[in-house]
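J.: my questions concern the predicted model and sequence given below.
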2 protein chains.
Amino acid sequence: MNIGEVSERTGLPAKTIRYYEDIGLVTPQRAANSYREFRESDVHKLAFLGNARGLGFSIEDCRALLTLWEDRSRASGDVRQIAKDHLVEIEGKIAGLQAMRATLSDLVSACAGDDRPDCPILKGLAG
Amino acid sequence: MNIGEVSERTGLPAKTIRYYEDIGLVTPQRAANSYREFRESDVHKLAFLGNARGLGFSIEDCRALLTLWEDRSRASGDVRQIAKDHLVEIEGKIAGLQAMRATLSDLVSACAGDDRPDCPILKGLAG
DNA sequence: ACTTGACCTTCCCGTGACTGGAACCCCTAT
DNA sequence: ATAGGGGTTCCAGTCACGGGAAGGTCAAGT
């Protein structure tokens, strides 16, 4: 299977797939014409990666998860730890963004937003 | 005032201040020894930038906000528009992260996390 | 006068996870 | 023969800095 079809089937841009090969996450075979030749197992891996990335896991997390996925004697505890750590990170980001939102929406609602120069947003940013 | 003191007073790393000069956000004067010489107005600008960045505004937003801040004939509507757009962006990010959190926490709580290989997290990522 | 150490300078590379684009090769259909 | 729609590699750029090297400067202590 050529990269275009894999891209369609996984929803990953071809560029991304090549990048994943570059950094060793997938290793498709090569045809005589130097085209990449993907097997079903490669497609599954890429779909897995797409899902993991979609949940915000870093590439290195993805690499670890992929290794565990392929290790039939893995301990689910190892997987869970990675996921839990990531969950904590996500929650931290949410908290940070919510704090920004709170401040920002206060400022926005305090601002008339008309032609006049008086602006509580700028005051807030300055002070 | 030298960069170190400015760094302390604004909470911005010296590296960041130099970077802001590089991209034209501040233009401190220079002493004879080639040291940067910051005036109070530079410090205020940098504090403004620190606050804006702390609210997640991009550098380009910051540049625009700074320009408006210094323009006494600005329309507060222009400021408000930038802030509102940014608020929308933040809310989008929050929504995305909350979706991740929901899926991820479902997977994490479905996973025993012990020595056994059976793992709903990996199943979730695969399927 | 000399040295130490803290400060400052510029410059260049690295980050994460790609994306865009150039320049070129390959395959199929007309 | 040509046109198009694949594919290939490689290089540069993104964003907002951070790390670290190599060196200049300043104030204090010996």
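T.: Sure thing, it's come through.
J.: quick one: list the elements packing against the helix or strand hosting A:Ile94.
T.: According to DSSP states H and E, A:Ile94 maps onto helix A:76-110. The helices and strands touching helix A:76-110, judged by 3 or more Cβ pairs under 8 Å, 6 or more residues apart in numbering or on different chains; DSSP states H and E, are helix A:59-70, helix A:120-126, helix B:76-110, helix B:120-126. C-betas here are computed from N, CA, C, even on glycine.
J.: now check the second one, is it near DNA strand D?
T.: No: Helix A:120-126 does not reach DNA strand D (Cβ under 7 Å from any atom of the strand); its nearest approach is 14.3 Å.
J.: packing partners of that helix?
T.: helix A:76-110, helix B:40-54, helix B:59-70, helix B:76-110.
J.: in JSON lines: those, plus distance to DNA strand C, mean pLDDT and mean neighbour count.
T.: Converted to JSON lines, the helices and strands packed on helix A:120-126 look like this (distance: least, Cβ to the nearest atom of the strand, whole Å; pLDDT from 0 to 100; neighbours: other Cβ atoms under 10 Å in any protein chain shown):
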{"stretch": "helix A:76-110", "distance to DNA strand C": "11", "mean pLDDT": "97", "mean neighbour count": "17"}
{"stretch": "helix B:40-54", "distance to DNA strand C": "12", "mean pLDDT": "98", "mean neighbour count": "18"}
{"stretch": "helix B:59-70", "distance to DNA strand C": "13", "mean pLDDT": "97", "mean neighbour count": "17"}
{"stretch": "helix B:76-110", "distance to DNA strand C": "13", "mean pLDDT": "97", "mean neighbour count": "17"}
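J.: could you dump these to CSV with distance to A:Tyr19?
T.: Supplementary listing: the helices and strands packed on helix A:120-126 in CSV, determined by distance: least, Cβ to Cβ, whole Å:
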stretch, distance to A:Tyr19
helix A:76-110, 21
helix B:40-54, 29
helix B:59-70, 26
helix B:76-110, 22
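J.: and these: which comes nearest A:Ala14?
T.: helix B:76-110 (24.1 Å; Cβ to Cβ).
J.: off-centre distance for that closest one?
T.: 15 Å (Cα atoms, centre = their mean, to the nearest Å).
J.: what angle separates it from helix B:59-70?
T.: Using axes from the mean of the first three to the mean of the last three Cα atoms, to 10 degrees, the direction of helix B:76-110 lies 150 degrees away from that of helix B:59-70.
J.: so, in contact with DNA strand D or not, helix B:76-110?
T.: No: Helix B:76-110 stays clear of DNA strand D (Cβ under 7 Å from any atom of the strand), getting no nearer than 10.9 Å.
J.: part of a helix, is A:Pro117?
T.: No: applying DSSP: H, G, I helix; E, B strand; the rest coil, one finds A:Pro117 to be coil, outside a helix.
J.: okay, it: pLDDT?
T.: pLDDT, A:Pro117: 96.
J.: what about the residue lying closest to it once chain neighbours are set aside, neighbour count?
T.: Closest residue to A:Pro117 apart from its sequence neighbours, by Cβ to Cβ, 6 or more residues apart in numbering or on different chains: B:Arg74 at 5.1 Å. Neighbour count for B:Arg74, taken as other Cβ atoms under 10 Å in any protein chain shown: 19.
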